[in-house]
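Visitor: got a predicted model here, sequence first, then my questions.
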Amino acid sequence: MMVQTICVLGGSGFLGQHVLSQLASPQRMINVITRHPYRHRHLLIVPGVRLIKADIHDPATLNRLFSGVDAVINLVGSFDEGRHPDTRLRHLHVDLVRKIMSACREQRVARLLHVSTLNADASNGPSEYLRTKGEGENLVHTQAGETQTTIFRPSMIFGPQDGFLTEFATLLRFSPVFFVPCPGFRCAPVFAGDVAACMAQALKQRHSVGKRYDLCGPKVYTLAQLVRYTATLTGQRRLIVPLPDGASRLQARLLGILPGKPFSMDRYHTLSLDSLCTSGENTRCSTPLEAIAPKYLGDDSLEGRLNHYRSQR
Ligand SMILES: NC(=O)c1ccc[n+]([C@@H]2O[C@H](COP(=O)([O-])OP(=O)(O)OC[C@H]3O[C@@H](n4cnc5c(N)ncnc54)[C@H](OP(=O)(O)O)[C@@H]3O)[C@@H](O)[C@H]2O)c1
């Protein structure tokens, strides 16, 4: 089925930009809903993309946005909640999904792609992030009506401007010592371009309807290995100290009260489960971390070159 008009929620984010570039086609209209169209105006370069400012938490607005749309893609999510009620994890991962499902039914949207996360589990998830993501998945499955749904459950996602290796690089730059919480946590990082390609494929393939795909990259790393790898790529000679469990908890408590929450108790609990593809419908994505990360963290990246000039001043 060639989907002509797509409404993307969360399309302005890190993964969203890869999804948009995979979906782009002159025959398609891609409506990206955002709170900040001006901030994301660079996306207008992608063929077919329109930026629409709207409040996706308002059911009447969602109904209007979904009217006449062939497919909806939901990429809205967050690891941590802020103070504003609209940023509560339950509000984003559960209440919003309920509203999306209802608007899909009312507007008879044919297709929905929903991005969740590995280990999402409404009953047994160890963190609010994983429990609410699990509840969201259950809603997608039980309230689909005529809408054909597919769920994607990636491990940690890497790529330019990702929220983890890039964040490690920033933290490493500002501190001579890096204390790694939950250093033994294992994940199989998956390239954002591979996740986006799987999603674009799913829109064309009937057999993806009703499925949940666990998405993992080709190799498993511990968190400590990823921090060391980032330090090597960015040329930062730092003391990297893996923290024992008690100290990891303390760090989570302390950083959780800082603005922007660099780490939190909820993230600590999320990291208590390895993020690996061990069950369900697994898709092993092939792009290795080592093929991409040097391009945005290494000497040849823009940041790498700027750092080289800084070191010469
Ligand atoms: N990144 C990872 O490693 C990873 C791993 C597993 C699963 N996932 C899941 O993949 C999806 C995409 O992740 P991402 O890293 O691309 O996220 P992201 O960069 O943070 O982008 C999420 C988008 O959601 C929208 N959004 C966030 N909070 C919102 C709110 N309170 N109200 C309305 N819109 C809001 C934002 O759009 P505007 O600001 O333009 O309105 C933002 O562009 C999420 O569901 C995430 O949980 C990510």
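Guide: All right, it came through fine. Since this is a predicted model, take the numbers as computed values, not measurements.
Visitor: report the buried residues of stretch 279-297.
Guide: 283, 285, 287, 289, 292-294, 296-297 (16 or more other C-beta atoms under 10 Å). Quick note: C-beta positions are derived from backbone N, CA and C, even for glycine.
Visitor: meant to ask about stretch 172-189, not that
Guide: So, applying 16+ other C-beta under 10 Å, buried residues of stretch 172-189: 172, 178-183, 185-189.
Visitor: and what of stretch 227-238?
Guide: In stretch 227-238, counting by 16+ other C-beta under 10 Å, buried: 227-231, 233-234, 236, 238.
Visitor: pLDDT check: weakest of those residues?
Guide: Across these, the bottom pLDDT score, 89, is held by residue 236.
Visitor: close enough to count as contact, that residue and residue 172?
Guide: Yes - the pair residue 236 / residue 172 is scored as a contact, 4.4 Å apart, by C-beta atoms under 8 Å.
Visitor: quick one: low-confidence parts of the chain?
Guide: The chain contains residues with pLDDT under 70 at 1-3, 280, 300, 302-313.
Visitor: which residues of it fall in helices?
Guide: 14-23, 59-66, 89-90, 96-106, 128-142, 165-174, 192-204, 223-234, 245-255, 265-270, 289-297, 302-311 (DSSP state H).
Visitor: so is the first one next to the ligand?
Guide: What that stands for is helix 14-23. Yes - under the criterion of C-beta under 6 Å from any ligand atom, the ligand is reached by helix 14-23 at 14-16.
Visitor: how close does the closest residue to residue 99 other than its chain neighbours get to residue 91?
Guide: Spatial nearest neighbour of residue 99, excluding adjacent residues (C-beta to C-beta, 6 or more residues apart in numbering): residue 59 at 5.1 Å. Residue 59 sits 13 Å away from residue 91, going by C-beta to C-beta, to the nearest Å.
Visitor: equivalent analysis for residue 39, please.
Guide: Counting by C-beta to C-beta, the gap from residue 39 to residue 91 is 22 Å.
Visitor: and what of residue 27?
Guide: Counting by C-beta to C-beta - residue 27 and residue 91 are separated by 35 Å.
Visitor: more neighbours: those two, which one.
Guide: residue 91 (16 against 9; other C-beta atoms under 10 Å).
Visitor: I'd guessed the more buried one sits against residue 77; true?
Guide: No - between residue 91 and residue 77 there is no contact under C-beta under 8 Å: 11.6 Å.
Visitor: show me the beta-bridge partners of the closest residue to the ligand within the stretch 151-300 of the chain.
Guide: Sorted by distance to the ligand under C-beta to the nearest ligand atom, the residues of the stretch 151-300 of the chain start with residue 157, at 3.7 Å. Going by DSSP bridges, residue 157 is paired in beta bridges with residue 190.
Visitor: surely it meets residue 17?
Guide: No - Residue 157 lies out of contact with residue 17 (C-beta under 8 Å); the separation is 11.8 Å.
Visitor: neighbour count winner among the two?
Guide: Applying other C-beta under 10 Å to residue 157 and residue 17 shows that residue 157 carries more neighbours, namely 24 against 21.
Visitor: contact partners for the more buried one?
Guide: 14-15, 189-192, 195 (C-beta atoms under 8 Å, 6 or more residues apart in numbering).
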